[in-house]
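K.L.:
Show me the folded form of this:
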Amino acid sequence: MSAAHSRLLFGLVIALVAIGPLSTDLYLPSLPAIGQALGADVAATQLTLSVYMAAFALVQLVYGPLSDRFGRRPVVLGGIAIYVLASAACAFAQSIEALIAARALQATGACAGVVLGRAIVRDVYGREGAARMLALVGSVMAFAPAAGPVLGGIVEVNFGWRWNFALLVVLSTALLAVLALRLVETNKQPDANAFELARMRRNYATLLADRRYLGYALCVAFGYGGLFAFISGSSFVLIGDLGLAPDTYSYFFLACVVGYFTGAQLAAHLTLRLGIDRMLALGAAIKLLGGFGMLATTLSGHVGADLWGAGLLVAPMAVYMVGMGMGMPNGQGGALGPYPQMAGVASALMGFLQMACAAAVGIAFGYLHDGTPLALAGLVALCAVCVAASLLALVRPRLRA
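P.N.:
Prediction:
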């Protein structure tokens, strides 16, 4: 592969994978305003996030085998086209129910980019190379969730929440045009039977029976669950409970993105030296430190309605995100590595577990939130424990080897 083509592919994969976090992070500062504008309570407004994640989880189970059968290019083009239309529907929604439905359709399109972006990396770079490339993608992609809340807060303050979805229409339309012109097919050995129901059942059964695959995938899923607890709950806690302005909130969110960027950079530089499993173990330990640090500061009573009090809540989350940046690409690389002939299916099942966990955490926050940061901190700490348990129970034999 030429250097120019490698750079182009790298940029396209970043754009595809960034669709997922940008679709959630851009409108986070608008969540309280959306609830007020559409007459919805916290639980109903939060469903615009959780339903998005649930739809994202389910549909990618189809995208994976579909791309193994017909190739990455046609499937990803169709998915991004759906995303453009759904983003427009979000911008014009007149009720919370209509917005929730449009968000589900938006997830149907967005997950094509995330699932197939990972599969494209596996097609081109192999197992260890995929882990390193996904870490590099993650370190660059960290700017998407960084820019998302900052830009979303500015748009919310100056133009209103609908314009955040209008901005997604513009960006995704531009991406669709570039993909149509420049994306080449990377699945050089399509499986003619990959989309048959019997083959899909066998492929998914093979993955679920693989202890190591399941361990890697659950490390990714629970790690992302902790992140999504913060994504779904931080605006309600920091803006609604602690009284931060939407644009101020976005800068606190930026601290967590810096943490993720730091962890992803460490993963990109250390994975080839230390190996996937050791990086996962180190990331899990840092997540535990961050999760229980957040719970401890919350229970101490020092989190309060000022910049210092908000910082005490966010700083441990930034530590958690360092572990997230180290663990996420290595968990993905470890899961996808042994399955080059069904990378789409392996990516889809891993993504399903990840988004199902996120949806469950988001729904739990909506019902547990009591006007304090306790539900948020407790969920982050719980997810950190689940990452460590998955690592010890399922991946640890590989560490000993």
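
K.L.:
Which secondary structure state does N193 sit in?
P.N.:
coil (DSSP: H, G, I helix; E, B strand; the rest coil).

K.L.:
out of everything not next to it in sequence, what's closest to it?
P.N.:
R199 (4.7 Å; Cβ to Cβ, 6 or more residues apart in numbering). The way it works is simple: take the backbone N, C-alpha and C, and place the C-beta from them, glycine included.

K.L.:
Name all residues that make contact with the one you found.
P.N.:
Each residue near R199 by Cβ atoms under 8 Å, 6 or more residues apart in numbering is listed here: P65, D191, N193.

K.L.:
Please give the element, helix or strand, for it.
P.N.:
helix 197-209 (DSSP states H and E).

K.L.:
pLDDT below threshold where in the stretch 101-250 of the chain?
P.N.:
Counting by pLDDT under 70, the stretch 101-250 of the chain has low-confidence residues at 126-132, 134-147.

K.L.:
before we move on, back to that, among the contacts of R199, name the buried ones.
P.N.:
P65, D191 (16 or more other Cβ atoms under 10 Å).

K.L.:
which parts of the helix holding R199 are buried?
P.N.:
In helix 197-209, counting by 16+ other Cβ under 10 Å, buried: R199, M200, N203, Y204, L207.

K.L.:
V387: which of those is nearest?
P.N.:
V387 lies nearest to L207 out of those, by Cβ to Cβ, at 19.4 Å.

K.L.:
Wait, G325 touches A268, no?
P.N.:
No - under the criterion of Cβ atoms under 8 Å, G325 makes no contact with A268, lying 9.4 Å away.

K.L.:
Please say which of the two ends up with more neighbours.
P.N.:
G325 (28 against 22; other Cβ atoms under 10 Å).

K.L.:
Can you tell me the SS state at the more buried one?
P.N.:
Per three-state DSSP, G325 ends up helix.

K.L.:
How much space separates it from L280?
P.N.:
12 Å (Cβ to Cβ, to the nearest Å).

K.L.:
go on, L175?
P.N.:
For L175 relative to L280 (Cβ to Cβ), the value is 31 Å.

K.L.:
Which residues are in contact with F222?
P.N.:
Here F222 is in contact with C357, C383, A384, C386, V387, S390 (Cβ under 8 Å, 6+ apart).

K.L.:
Would you mind extracting the C-alpha trace of stretch 236-243 into CSV?
P.N.:
These are the backbone C-alpha positions of stretch 236-243, laid out as CSV (Å, rounded to 0.1, in the frame of the first residue of the first chain):
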residue,chain,number,x,y,z
PHE,A,236,-27.7,16.3,34.0
VAL,A,237,-25.3,16.4,37.0
LEU,A,238,-22.9,19.2,36.0
ILE,A,239,-25.5,21.5,34.3
GLY,A,240,-28.7,20.4,36.0
ASP,A,241,-27.5,19.6,39.6
LEU,A,242,-24.4,21.7,39.9
GLY,A,243,-25.5,24.7,37.8
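
K.L.:
Give me the residues contacting that stretch.
P.N.:
With Cβ under 8 Å, 6+ apart as the criterion, stretch 236-243 contacts 29, 31-32, 42, 46, 244-246, 249, 252, 303-306, 309-310, 313-314, 369, 371-373, 376.

K.L.:
Weed out the non-buried ones from the residues you listed.
P.N.:
Using 16+ other Cβ under 10 Å, the buried members of the contacts of stretch 236-243 are 29, 31-32, 42, 46, 244, 246, 249, 252, 303, 310, 313-314, 369, 373, 376.

K.L.:
quick one: which of those sit in helices?
P.N.:
Using DSSP state H, the members of the buried ones among the contacts of stretch 236-243 that fall within helices are L31, P32, V42, Q46, P246, Y249, F252, A310, L313, V314, L376.

K.L.:
Flag the least confident of those.
P.N.:
Least confident entry in those, by pLDDT: P246, with 76.

K.L.:
contacting residues for that one?
P.N.:
By Cβ under 8 Å, 6+ apart, the neighbours of P246 are P29, S30, P32, A33, G152, G153, E156, V157, S235, I239.

K.L.:
if we go to 10 Å?
P.N.:
28-33, 149, 152-157, 161, 235, 238-239 (Cβ atoms under 10 Å, 6 or more residues apart in numbering).

K.L.:
Tell me the spacing between the residue nearest to L274 when sequence neighbours are not counted and G223.
P.N.:
Distances taken as Cβ to Cβ, 6+ apart place L282 nearest to L274, at 7.8 Å, with adjacent residues excluded. Counting by Cβ to Cβ, the separation of L282 from G223 is 13 Å.
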